[in-house]
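Q: Just the structure for this:
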Amino acid sequence: MLWQFIVGGIVCVLNIAIHALVMTTAVHVAHREGSKKRANPSLFLIVVMIPTVSILMITHALEVFVWSLVYTLVGAAPANTDMLYFAFVNYTTLGYGDVVPVADWRLLGPLTAMNGVLLFGWSTAVIFEVLRKALERTADAF
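A: Got it, this is the predicted structure:
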């Protein structure tokens, strides 16, 4: 059981580092771009929010991929399991239905889910901050 926590903890920290890098960059870009006045505020909101949310989705997919690599390395699921699918099921807290982990690594699923929930919450906060900053800069134009 200790190995599950060690491996899961390392992957969680790695994903938190990935998320921190992308979140810091996203907020920095939003603050920089938001400081400029825009002629068309609705278009500006679209131009800011689509890339922000898209980048966050790509980041989450990358984090799921990291989990799937670890699942593959440790053999966390039965043979012939699609580890990327298995990682997505855990990370998004979708839940098991067709694939269950092997007994020796069953705690990785809940650790993955905990990591996913926290990072989705963090992304939601960043989306709100980017939107707030964009709206702040366009308030006069509406």
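
Q: Count residues in the vicinity of Thr81, would you?
A: 18 (other CB atoms under 10 Å). Where C-beta positions appear, they are placed from N, C-alpha and C, glycine not excepted.

Q: ok, now which ones touch it?
A: Val99 (CB atoms under 8 Å, 6 or more residues apart in numbering).

Q: so which helix or strand takes in it?
A: Following DSSP states H and E, there is no helix or strand that holds Thr81.

Q: Distance check, it against Val70.
A: Distance, Thr81 to Val70, by CB to CB, to the nearest Å: 14 Å.

Q: Thr92 too?
A: 17 Å.

Q: Glu129 too?
A: Glu129 is 30 Å from Val70, by CB to CB.

Q: ditto for Thr59
A: Distance from Thr59 to Val70, by CB to CB: 17 Å.

Q: Tell me who's in contact with the residue most central in space within the chain.
A: Centroid-nearest residue in the chain, with CA atoms, centre = their mean: His60, separated by 3.1 Å. Residues near His60 by CB under 8 Å, 6+ apart: 91, 116, 119-120, 123.

Q: coming back round to it: give the residue from Glu129 and Val70 that has the larger number of neighbours.
A: Set side by side, Glu129 and Val70 show more neighbours around Val70, with 20 against 16, by other CB under 10 Å.
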